[in-house]
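1. fold the following, please.
(one chain, ligands or ions: 2)
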Amino acid sequence: MDEDILYHLDLGTKTHNLPAMFGDIKFVCVGGSPNRMRAFAQFMHKQLGLAGDGEDLADICAGTDRYAMYRAGPVLSISHGMGIPSISIMLHELIKLLHHAKCRDVTIIRIGTSGGLGIKPGTVVITDTAVDSSFKPRFEQVVLDDVVVRSTELDKDLAKELLACSKEIPDFPTLIGHTMCTYDFYEGQGRLDGALCSFSSEKKLEYLKRAYEAGVRNIEMESTAFAALCGLCGLKAAVVCVTLLDRLEGDQIRAPHDVLWEYQQRPQRLIAAFILKHLGLCPPAGNKLFSTN
Ligand SMILES: O=P(O)(O)O[C@H]1O[C@H](CO)[C@@H](O)[C@H]1O
Ligand SMILES: O=c1cc[nH]c(=O)[nH]1
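-> Residues are numbered from 1 along each chain as shown. Ligands and ions are numbered 1, 2, ... in the order given. Have a look, this model is predicted:
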């Protein structure tokens, strides 16, 4: 193409010098919420010891209110909204952006929240395989009038490396497991508390227990599309989500806001440790990486 307009990011090959803006990016972190992704960029800014306090980082996609994007050194932090259609659009444009910018050896990580299955709330789950609602490692994409089935394998070595990094952060549990990706938060995740509910509590528990038996440890809404798209485009990818509740115990997220905020920081702290290790850096003295106090 003579020109590529990345419409939802408000960036383009003629309007922006993408190699100058992004050519040195090595880590891309994505997550649903714009505020979380700004907080992560500010946190990375401090961890990397960059100049200034990082409080006034500019939103690179400020010209659109679809997604928010921030950078801290070689780390790009982008929001993707909720659900597969939203993350798919963002990933198509992000992957083209990395291509136009001539980025090399990029690792991409989704840092999210999820519902846990049979594990303590606050546990961080590193996904080995993203599975669909039938516990199969596949993502079905409609292309023209065909349903194309794509693999959802993630990089196993990267998952193991992240688990090894988690050993240095002992104040929360981290484990590797399958992540189930659904098209909905309520009926699609077997919740009884939506506006509609068409099944019994017994049926719900029987389904969630079968998911647990199949190796599922958490449930969220983007991982299969993320794994499929990143895998096909040759990006090393990982999914790291904290669990906000145990779905075998209930449906509503009842933890207070300060607890939920601290939970959200757990994947961020793990990924910061991973990035610093890769860059051969140590966290600054008195930082909050290894302790919440
Ligand atoms: O915490 P984030 O990244 O938004 O992800 C999870 O939270 C949302 C639902 O509350 C879904 O998008 C789910 O995947
Ligand atoms: O239960 C939950 C919690 C967060 N995100 C989800 O998709 N499900």
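
2. SS state for residue 159?
-> helix (DSSP: H, G, I helix; E, B strand; the rest coil).

3. give me the number of residues near it?
-> When neighbours are counted by other C-beta atoms under 10 Å, residue 159 registers 20. Just so you know, the C-beta spots here come from the backbone N, C-alpha and C atoms, and that holds for glycine as well.

4. and what of residue 87?
-> Neighbours of residue 87 (other C-beta under 10 Å): 26.

5. now swap in residue 92 and tell me
-> When neighbours are counted by other C-beta under 10 Å, residue 92 registers 14.

6. quick check: mean pLDDT of the longest helix along the chain?
-> Using DSSP state H to define each element, the chain has its longest helix at helix 257-278. The average of the pLDDT scores along helix 257-278 is 97.

7. now tell me what touches that helix from outside.
-> For helix 257-278, the external contacting residues (C-beta atoms under 8 Å, 6 or more residues apart in numbering) are 26-27, 29, 36, 39-40, 43-44, 47-48, 75, 109, 111-113, 121-122, 124, 161-162, 165-166, 168-169, 172, 174, 240-244, 253, 255, 282-283, 288-290, 292.

8. distance between it and the chain's centre?
-> Mean-position distance between helix 257-278 and its chain equals 12 Å (C-alpha atoms, centre = their mean, to the nearest Å).

9. coming back round to it: out of the contacts of helix 257-278, which are buried?
-> Among the contacts of helix 257-278, those scoring as buried are 26-27, 29, 36, 39-40, 43-44, 47-48, 75, 109, 111-113, 121-122, 124, 161-162, 165-166, 169, 172, 174, 240-244, 283, 289 (criterion: 16 or more other C-beta atoms under 10 Å).

10. in strands, which of those residues appear?
-> Judged by DSSP state E, those include 27, 29, 75, 109, 111-113, 124, 174, 240-244 as members of strands.

11. please, where are all the helices along the stretch 151-293 of the chain?
-> 156-166, 201-213, 223-232, 257-278 (DSSP state H, counting those that start in this stretch).

12. what's across from the residue most central in space within the chain in the sheet?
-> In the chain, the residue lying closest to the centroid (C-alpha atoms, centre = their mean) is residue 110, at 1.9 Å. Beta bridges link residue 110 to residue 30, residue 239, judged by DSSP bridges.

13. quick check: it vs ligand 2, distance?
-> 12 Å (C-beta to the nearest ligand atom, to the nearest Å).

14. ok, residue 81 next?
-> Distance from residue 81 to ligand 2, by C-beta to the nearest ligand atom: 13 Å.

15. what residues are up against the closest residue in space to that residue that isn't next to it in sequence?
-> Once flanking residues are discounted, residue 81 sits nearest to residue 32: 6.2 Å by C-beta to C-beta, 6 or more residues apart in numbering. Applying C-beta under 8 Å, 6+ apart, we find residue 32 in contact with 79, 80, 81, 82, 112, 113, 222.

16. kindly report the same for residue 101.
-> For residue 101, the contact set (C-beta under 8 Å, 6+ apart) comprises 18, 19, 21, 22, 23, 25.

17. quick check: whatever residue of the chain ends up closest to ligand 1 vs residue 111, distance?
-> Minimum separation of the chain from ligand 1 (C-beta to the nearest ligand atom) falls at residue 32, amounting to 2.0 Å. Distance, residue 32 to residue 111, using C-beta to C-beta, to the nearest Å: 9 Å.

18. what parts of this protein come near ligand 2?
-> With the criterion set to C-beta under 6 Å from any ligand atom, the chain comes near ligand 2 through 113, 114, 115, 185, 189, 219, 220, 221, 244.

19. the residue nearest to the centre of the chain: what's it in contact with?
-> 29, 30, 31, 80, 222, 223, 226, 237, 238, 239, 240, 241.

20. sorry, back to before: columns pLDDT on top of the ones in strands among the buried ones among the contacts of helix 257-278, output as JSON lines?
-> Converted to JSON lines, those look like this (pLDDT from 0 to 100):
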{"residue": "27", "pLDDT": "98"}
{"residue": "29", "pLDDT": "98"}
{"residue": "75", "pLDDT": "98"}
{"residue": "109", "pLDDT": "98"}
{"residue": "111", "pLDDT": "98"}
{"residue": "112", "pLDDT": "98"}
{"residue": "113", "pLDDT": "98"}
{"residue": "124", "pLDDT": "98"}
{"residue": "174", "pLDDT": "98"}
{"residue": "240", "pLDDT": "98"}
{"residue": "241", "pLDDT": "98"}
{"residue": "242", "pLDDT": "98"}
{"residue": "243", "pLDDT": "98"}
{"residue": "244", "pLDDT": "98"}
